[in-house]
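> sharing a sequence plus its predicted fold:
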Amino acid sequence: MNTTEFTETYYIDRRGFHSRKWDGEYLKFSRTDLLPLWVADMDFMTPPCIQEAISNYVKAHPLGYTMTNPKYIEAVIHWHKHRHNCVIKQNWIASAPNVITGIMWCIGAFTKPNDSIAVLTPVYGAFDARANDANRRIVAVPIHRTMTNGYTIDYDAFESAISQNDVKVFIHCNPHNPVGHVWTEEEMDRLFYICKQHNVLIISDEIHQDLITGSTPFTSALSVSHGHYADHMITMSSVSKSFNMASLHQAEVMIPNEALRHQYNAYKAQVYHTDADVIAETAITAAYTHPEAEAWLTDVLAVIRKNYEYLCDELLSALPKLRISPMDGTYLAWIDFGAYVRAEDMHNLFENQCRIAPSFGEWFGGESYATFVRLNLATSLANIKTATHSIINHIRP
């Protein structure tokens, strides 16, 4: 269906249903009257085939203790091969309630207090927060913005940071949140080679892997150089972004190396015990195997791309000095307002004048990004138009 039909069919007003993004604005903004473009989930209903799968399971089965359903494992393997040409073996698959918890468990399993963990900044703030909570030291290696507002890596700086700080773990993010960059196989090969040379464990957060909106195809870290680095890495993925199911707590943790997998599962057993989540497994199986779900994903990507193009066209026409990064992946626009707005005025502008709740740039790497915002485009075009024109009306070139 076209983007208008999709929005008319699936868009939902989420206020009043305990939505963290909408009703939970007070958690970050101490108010609930702003247009929320911050939390990374969608304002669209999940595909009907997923709704029906959940409903049918609940009607037909008790919700007692269960074991992992082999059909769920088969669905995960099928999706990665079909969608991303990534071959996963059944015994590689471990789990976590979500990707961030999986990363926390990896930090606990593979590092000690005061160990160093490397990230490429700007990056999703939970990486830093969880490492700090665990008393680990974050080594932030800035990625560099190009003249066309894309991002590149200084590999010498990355290797220097790794060696000088005795880094134990590198948390990779692909597609990269918040800048929207989809890392190429060549870029990852150079990063991972450095990590392997210095015996650094790679954790690749691939939660946005299905949300590719540009021309660069997604390549899983597991597939780089025909799996050359697979013994030195852990990858994580989830349907939570792709099909808007973040409240179903299940993430796949792929660990090809048997010793690493045993170490991860041993740590997990100390901090967490539960049986399989049958609702999540049922939903994931439907998402990864039903043609309707994949068609829904194709349509939602078209909506996101249209929203991005509208935002860019309108903003750059009125404010040509804005720097908007190419959104090759995710549904998150990364915009630098520094040509028009001082860092100290950003919160007042967006919250009190534009009446928008964005994710502010400093949440992704500190004051260096204080003139940036990240805007969630997985919503109706009407909401994007409201936000866009409010920004234009309150910024004077």
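Structure received.

> helices along this protein, start to end?
In the chain, the segments counted as helices under DSSP state H are 3-10, 26-29, 48-60, 70-84, 99-110, 125-133, 155-164, 185-197, 239-242, 258-271, 278-289, 291-318, 346-347, 381-394.

> how about low-confidence regions in the stretch 151-300 of the chain?
By pLDDT under 70, the stretch 151-300 of the chain has no low-scoring segment.

> skipping adjacent residues, who's closest to residue 372 in space?
residue 361 (2.9 Å; CB to CB, 6 or more residues apart in numbering). From N, CA and C alone the C-beta is placed, and that goes for glycine too.

> what pLDDT is listed against the one you found?
Predicted confidence (pLDDT) for residue 361: 97.

> next, count neighbours for it.
For residue 361, the tally of surrounding residues (other CB atoms under 10 Å) stands at 25.

> what sits against it?
Going by CB atoms under 8 Å, 6 or more residues apart in numbering, residue 361 touches 122, 336, 346, 369-374.

> of all the helices of the chain, which lies closest to residue 142?
Residue 142 sits nearest to helix 155-164 of all these, at 7.9 Å, using CB to CB.

> got the contact list for that closest one?
With CB under 8 Å, 6+ apart as the test, helix 155-164 has contacts from 118, 120, 139, 141-142, 167, 170, 190-191, 194-195, 198, 200.

> please pick the buried ones from these.
By neighbour count, with 16 or more other CB atoms under 10 Å, the contacts of helix 155-164 hold 118, 120, 139, 141-142, 167, 170, 191, 194-195, 200 as buried.

> turn those into CSV, including distance to residue 257.
Shown next, in CSV, are these (distance: CB to CB, whole Å):
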residue, distance to residue 257
118, 20
120, 23
139, 23
141, 25
142, 30
167, 19
170, 16
191, 18
194, 19
195, 14
200, 14
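
> closest to residue 350 out of those?
The nearest member of the buried ones among the contacts of helix 155-164 to residue 350, counting by CB to CB, is residue 142 at 24.0 Å.

> the closest one pairs with what?
residue 121 (DSSP bridges).

> quick check: it touching residue 364?
No: with contacts counted by CB atoms under 8 Å, residue 142 stays clear of residue 364, the gap being 11.3 Å.

> what do these two both touch?
Listed as contacting both residue 142 and residue 364 by CB under 8 Å, 6+ apart are 121-122.

> in this structure residue 196 contacts residue 230, no?
No: contact between residue 196 and residue 230 fails when scored by CB under 8 Å: they sit 10.9 Å apart.

> higher neighbour count, these two?
Between residue 196 and residue 230, counted using other CB under 10 Å, the more crowded position is residue 230 (23 against 16).

> contact partners for the nearest residue to the more buried one once chain neighbours are set aside?
Distance criterion CB to CB, 6+ apart; nearest residue to residue 230, sequence neighbours excluded, is residue 256 at 4.3 Å. For residue 256, the contacting residues are 89, 92, 222, 227, 230-231, 233, by CB under 8 Å, 6+ apart.
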